[in-house]
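[1] What follows is a predicted structure for the sequence shown.
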Amino acid sequence: MGVATAVGVAASLCCVGACALALYLYRILWLAPERVRRALRRQGVRGPPPSFPYGNLADMRQAAAAAKRTRGAGDVVHDYRSAVFPFYEKWRNEYGPVFTYSVGNMVFLHASDPAVVRDVCLSVSPDELGKSTYMKVTHHPLFGDGILKSNGDAWARQRKLIAPEFFPDKIKGMVDLMVDSARALVRSWEARVAESDGGALELTVDDDFRTYSGDVISRTCFGSSYVKGKRIFAMIRELQKTVSSPNLLAEMTGLRFLPTRSNREAWRLNRRVRRLILDVVRESGEADGGSNLLNAMLRSGQAEAGVGVAAAEDFVVDNCKSIYFAGYETTAVTAAWCMMLLALHPEWQRRVRDEATEALAGGAAALDLSSLQRMKQLTMVIQETLRLYPAGSVVSRQALRELALGGVRVPGGVNIYVPVSTVHLDAELWGSDAREFHPERFAARPQLHSYLPFGAGARTCLGQGFAMAELKVLLSLLLVGFEVALSPDYLHSPVLRLTVEPEHGMRLVLRNVRPNGEP
Ligand code: HEM
């Protein structure tokens, strides 16, 4: 064969290869999702028309940019949906409470209709409905295959091993750690109020609340090595920043090993985090006799039949990162919104303070799980805070196979998003005052599918008892010591970062409850 023929053959093969690749990409990027959208359209589920190859991403970015331009302060309006999720609001108004949209080749079913929500949360088994895999590739360095993102048997096994670590008898033993961390914060604020002009201290509380929740998780996870644990968490936060924007190419093709700059940075940080976590787990196991959360997880991971050392280590590392992510920001942001609502409602602030003063009559050291459980006013205030400002903005799932939800046949692979604020503000479920702060509505237990701050069903938050205890310890100690008002400089602008948080921070004015130090 002459050189010219060989070149011709190679060129033809390249052509065939390029055509095959183009056809393959066209199939996975357009034909496959279009088939799913058609199946939904046939049932009357409509949505904005997607374009190739990014679906509705451009509409979402445009709406978010427009909302950002008009976002501003002003009165505190609790319904923040048009500022934070302007595209969902527009589409919900246009297409109703169940609609579909696409990001790249990933098809989403957005559902706030109670019948669908009930099935998503309560009726369908975790074998049929798993966690959404959207962002799973981007976030792999952050969560690995830990409990938050895994599905099927891998998830069930982890849930079974971790759940007992959050049973009430375990939380009972953690209340003292929470009290120690909260007292450190109260002492620092007392000192700052004492030094302030006229006994009124104006401050932005968010970072102090993050320090508190990071401190509590770190003490619980790492026991006596918690200071090193805090360094690890600082590094996980770095890691979180490097993987915060979606890597659409990776999400659409599943290729997570491309050595892009941000991937290489994430891998580097991840290797360091892993090494440090395992070092600290070993060290603290020796120092504390293995009594901290991660040691308990390592033991239960190793005790699993047929699981090698590497798999048990992966289990600890991935879940350490997952628990940090699940419990750090969520609790701190909820505490900040709760303080805002109490500042806006002095009568509720008084009720909570009276209740906390009674519970703390024997001193902070006397706080225990049962005295926390008796704080009914504070419980209702936190529940109402989580209704108006839920830290998890969507309950996300993915159909692992075709299934029926509220009468809609959902093809396998579809991502299902339940917008928590829309469910929480539904006047049909909550009454005409749904957008207002009325904690007494929680004197009666709400219907399960209408209240989703901790998700629902099999995948409900494992740390909810822990988070409630942590919030109650912090808020009761703060309110017994300080009167809280909203600063005139506070700008109400909820924004979606990892959770929905105050864009410019929560700015409060504190005064001592007993100005002259009287008992
Ligand atoms: C106010 C604080 C918190 C809020 C609002 C919150 C909310 C949530 C939500 C919405 C989910 C997803 C549930 C679903 O998809 O149905 C979740 C899952 C989870 N949360 Fe929390 N969480 C909080 C605090 C914590 C804390 C402090 C921890 C642990 C220390 C924790 C551990 C977890 C875990 C392990 C999961 C995964 C459960 C699974 O997939 O099986 N959370 N949380």
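    On my side now, so go ahead. Predicted, not measured: the structure shown is a model, and the values here were computed from it.

[2] low pLDDT regions in the stretch 201-350 of the chain?
    285, 287-290, 305-306 (pLDDT under 70).

[3] Can you pull the residues of it lying near the ligand?
    Counting by C-beta under 6 Å from any ligand atom, the residues of the stretch 201-350 of the chain close to the ligand are 217, 323, 326-327, 330-331, 334. (Glycine included, C-beta is placed from N, CA and C.)

[4] Tell me how many other residues crowd the nearest residue to Ile28 once chain neighbours are set aside.
    Nearest residue to Ile28, sequence neighbours excluded (C-beta to C-beta, 6 or more residues apart in numbering): Asn105, at 6.1 Å. Asn105 has 25 neighbours, counted by other C-beta atoms under 10 Å.

[5] Tell me who's in contact with Asn105.
    Each residue near Asn105 by C-beta atoms under 8 Å, 6 or more residues apart in numbering is listed here: 28-30, 32-33, 53, 55, 252.

[6] Quick check: phi and psi on the spatially closest residue to Met106 that is not a sequence neighbour?
    Closest residue to Met106 apart from its sequence neighbours, by C-beta to C-beta, 6+ apart: Tyr134 at 5.6 Å. When read as degrees, to the nearest 10, the backbone of Tyr134 gives phi -60, psi 130.

[7] Ok, the one 10 residues further on next?
    Gly144 adopts backbone torsions of phi 50, psi -130, taken as degrees, to the nearest 10.

[8] where's Ala182, which helix or strand?
    Under the criterion of DSSP states H and E, Ala182 resides in helix 175-195.

[9] mind saving the C-alpha coords of that helix as CSV?
    Extracted C-alpha coordinates of helix 175-195, given in CSV (Å, rounded to 0.1, in the frame of the first residue of the first chain):
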residue,chain,number,x,y,z
VAL,A,175,-24.9,18.4,75.3
ASP,A,176,-22.0,19.3,77.6
LEU,A,177,-19.7,19.9,74.7
MET,A,178,-22.3,22.2,73.1
VAL,A,179,-22.7,24.1,76.4
ASP,A,180,-18.9,24.6,76.6
SER,A,181,-18.7,25.9,73.1
ALA,A,182,-21.7,28.2,73.6
ARG,A,183,-20.3,29.6,76.9
ALA,A,184,-17.1,30.6,75.1
LEU,A,185,-19.2,32.6,72.7
VAL,A,186,-21.3,34.2,75.4
ARG,A,187,-18.2,35.2,77.4
SER,A,188,-16.6,36.8,74.3
TRP,A,189,-19.8,38.8,73.7
GLU,A,190,-20.1,39.8,77.3
ALA,A,191,-16.6,41.2,77.2
ARG,A,192,-17.4,43.1,74.0
VAL,A,193,-20.7,44.5,75.4
ALA,A,194,-18.8,45.6,78.6
GLU,A,195,-16.3,47.6,76.5
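
[10] mind checking how far that helix is from the chain centre?
    Distance of helix 175-195 from its chain centroid, counting by C-alpha atoms, centre = their mean, to the nearest Å, is 26 Å.

[11] Next, the angle from whichever helix or strand comes after that helix to helix 175-195.
    Per DSSP H and E, the first helix or strand lying C-terminal to helix 175-195 is strand 200-204. Calculated by axes from the mean of the first three to the mean of the last three C-alpha atoms, to 10 degrees, strand 200-204 forms an angle of 120 degrees with helix 175-195.

[12] residues in the chain within reach of the ligand, list them.
    Selection of the chain residues close to the ligand by C-beta under 6 Å from any ligand atom yields 147-148, 159, 217, 323, 326-327, 330-331, 334, 391-392, 395, 453-456, 459-463, 466-467.

[13] out of those, which are inside strands?
    Per DSSP state E, strands hold the following members of the residues of the chain next to the ligand: Val395.

[14] Drop anything exposed from the residues of the chain next to the ligand.
    For those, a neighbour count by 16 or more other C-beta atoms under 10 Å gives the buried set as 147-148, 217, 323, 326-327, 330-331, 334, 391-392, 395, 453-456, 459, 461-463, 466-467.

[15] Please flag which of those sit within helices.
    217, 323, 326-327, 330-331, 334, 466-467 (DSSP state H).

[16] Which residue ranges of the stretch 101-250 of the chain form helices?
    114-118, 140-143, 152-162, 168-172, 175-195, 206-222, 226-242, 248-253 (DSSP state H, counting those that start in this stretch).

[17] Can you add distance to Trp348 and give these back as a markdown table?
    Below are these laid out as a markdown table (distance: least, C-beta to C-beta, whole Å):
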| stretch | distance to Trp348 |
| --- | --- |
| helix 114-118 | 29 |
| helix 140-143 | 37 |
| helix 152-162 | 35 |
| helix 168-172 | 26 |
| helix 175-195 | 20 |
| helix 206-222 | 19 |
| helix 226-242 | 33 |
| helix 248-253 | 43 |
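
[18] For Arg46, which of those is the nearest?
    Proximity to Arg46, assessed across these by C-beta to C-beta, is greatest for helix 114-118 (14.8 Å).

[19] Where does pLDDT dip in the protein?
    Using pLDDT under 70, the chain drops low at 1, 71-74, 285, 287-290, 305-306, 515-519.

[20] let's see it at 80
    1-3, 70-74, 123, 224-225, 244-259, 262, 284-292, 297-308, 515-519 (pLDDT under 80).

[21] Tell me which residue is most central in it.
    Nearest to the mean C-alpha position of the chain, counting by C-alpha atoms, centre = their mean, stands Gly392 at 4.5 Å.

[22] Verify the stated contact: it with Leu496.
    No: using C-beta atoms under 8 Å as the test, Gly392 is too far from Leu496 to be in contact (11.2 Å).

[23] Pull up the distance across stretch 192-210, start to finish.
    End-to-end distance for stretch 192-210, by C-alpha to C-alpha, to the nearest Å: 18 Å.

[24] for that stretch, the distance to its chain's centre please.
    28 Å.

[25] Give me the contacts around it.
    With C-beta under 8 Å, 6+ apart, stretch 192-210 has contacts from 185, 188-189, 328-329, 331-333, 335-336, 339, 474, 482, 487, 489, 501-502, 505-512, 515.

[26] what do you get if the cut-off is 6 Å, keeping everything else the same?
    Applying C-beta atoms under 6 Å, 6 or more residues apart in numbering, the contact partners of stretch 192-210 are 185, 332, 335-336, 487, 505-512, 515.

[27] buried subset of these?
    The buried subset of the contacts of stretch 192-210 - by 16+ other C-beta under 10 Å - is 185, 332, 335-336, 487, 505-512.

[28] Where strands are concerned, which of these count?
    507-512.

[29] and of those residues, the nearest to the ligand?
    The ligand has its nearest neighbour among these in Leu508, at 19.2 Å by C-beta to the nearest ligand atom.

[30] Was I right to think that closest one contacts Glu483?
    No: with contact defined as C-beta atoms under 6 Å, Leu508 does not reach Glu483; the gap is 10.2 Å.

[31] any idea how far Ser112 lies from Pro126?
    Per C-beta to C-beta, to the nearest Å, Ser112 is found 22 Å from Pro126.

[32] of the two, who's got more company?
    Between Ser112 and Pro126, Ser112 has the larger neighbour count (other C-beta under 10 Å), namely 22 against 17.

[33] so what's the backbone phi/psi at that one?
    Backbone geometry at Ser112, expressed as degrees, to the nearest 10, gives phi -120, psi 10.

[34] Apart from its chain neighbours, what residue comes closest to it?
    Nearest one to Ser112, counting by C-beta to C-beta, 6+ apart, is Thr422 at 4.2 Å.

[35] Please apply the same query to Leu429.
    Closest residue to Leu429 in three dimensions, ignoring its sequence neighbours and counting by C-beta to C-beta, 6+ apart: Ser450, at 4.1 Å.

[36] That neighbour: neighbour count?
    Around Ser450 there are 17 residues (other C-beta under 10 Å).
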